[in-house]
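> The sequence and its predicted three-dimensional model are supplied below.
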Amino acid sequence: MIGKDHFIDQFLDFIGGSPTPFHAVSQMALRLEAAGFTFLDESRAWQLHAGQKYYTTRNGSSLIAFSLGADAAEQGLRMLGAHTDSPCLKIKPQPELNRHGYSQLALEPYGGVLLNPWFDRDLSIAGKVVYDTLQGQMASVLVDFSRPVLTIPSLAIHLDK
């Protein structure tokens, strides 16, 4: 049996390693594989077997895990689902702005974000970067600066609409 402290440590490790949905899915995939789940590529035909555990991902930002009972007709299918996205500020595709001597990043709010909690605190950058390789192929990598690199300042209350 896993002790409460061990469970909390694992949970905090997961949260710390999941600054974005892409990172959360990567973290979950590692944990599922360690628990005996097999990855299924959604672009290929699946060969499923009773009593086995599987998972698949889409776009690196969503994950579905399921297990088949030993007698699938009698015990059925067990599936787990949840969403990994949460309110955040996303960097726009052409984000570079320079105004009044300041370097800025163009951001867009996502998921009904409440903006005031983001103001006046140090923020980092994390996510999925897609790029062209020297061979002309598209590839992607997860990045996490893991340190503050910007701040969104708040206006004085009497200047805020």
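Cool, the structure landed.
> helices and strands around the helix or strand hosting T56, which ones?
T56 is part of strand 53-58, with elements assigned from DSSP states H and E. Contacts defined by 3 or more Cβ pairs under 8 Å, 6 or more residues apart in numbering; DSSP states H and E place strand 53-58 against helix 21-34, strand 38-39, strand 62-68. In short, each C-beta sits where N, CA and C put it, glycine included.
> how about the ones you listed in TSV, adding mean neighbour count and distance to S124?
Compiled in TSV, those are given as follows (neighbours: other Cβ atoms under 10 Å; distance: least, Cβ to Cβ, whole Å):
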stretch	mean neighbour count	distance to S124
helix 21-34	18	12
strand 38-39	12	29
strand 62-68	18	23
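> any idea which of these scores lowest on pLDDT?
Least confident of those, judged by mean pLDDT, is strand 62-68 with a mean of 88.
> Quickly run through the sheet partners of that one, with directions.
strand 53-58 (antiparallel), strand 77-80 (antiparallel) (DSSP bridges).
> Out of those, which gets the lowest mean score?
strand 77-80 (a mean of 68).
> Mind listing what's buried along the helix or strand following that strand?
For strand 77-80, the following helix or strand on the C-terminal side (DSSP H and E) is strand 88-99. Using 16 or more other Cβ atoms under 10 Å as the test for burial, strand 88-99 gives C88, L89.
> Likewise for stretch 39-53?
Neighbour counts over stretch 39-53 (16+ other Cβ under 10 Å) mark L40 as buried.
> likewise stretch 104-120?
Buried residues in stretch 104-120, defined by neighbour count with 16+ other Cβ under 10 Å: L107, V113, W118.
> which residues touch that stretch?
85-92, 94-98, 150-154 (Cβ atoms under 8 Å, 6 or more residues apart in numbering).
> how long is it from one end to the other?
15 Å (Cα to Cα, to the nearest Å).
> what pLDDT, on average, does that stretch get?
Throughout stretch 104-120, pLDDT has a mean value of 84.
> which ones are touching the most centrally placed residue in the chain?
The chain has P21 as the residue nearest its centroid, 1.4 Å off, counting by Cα atoms, centre = their mean. Applying Cβ under 8 Å, 6+ apart to P21 gives the contacts S61, S62, T84, D85, S86.
> My understanding was that the third one contacts V25; is that so?
Translated: T84. Yes: counting by Cβ atoms under 8 Å, T84 does reach V25; the two are 6.0 Å apart.
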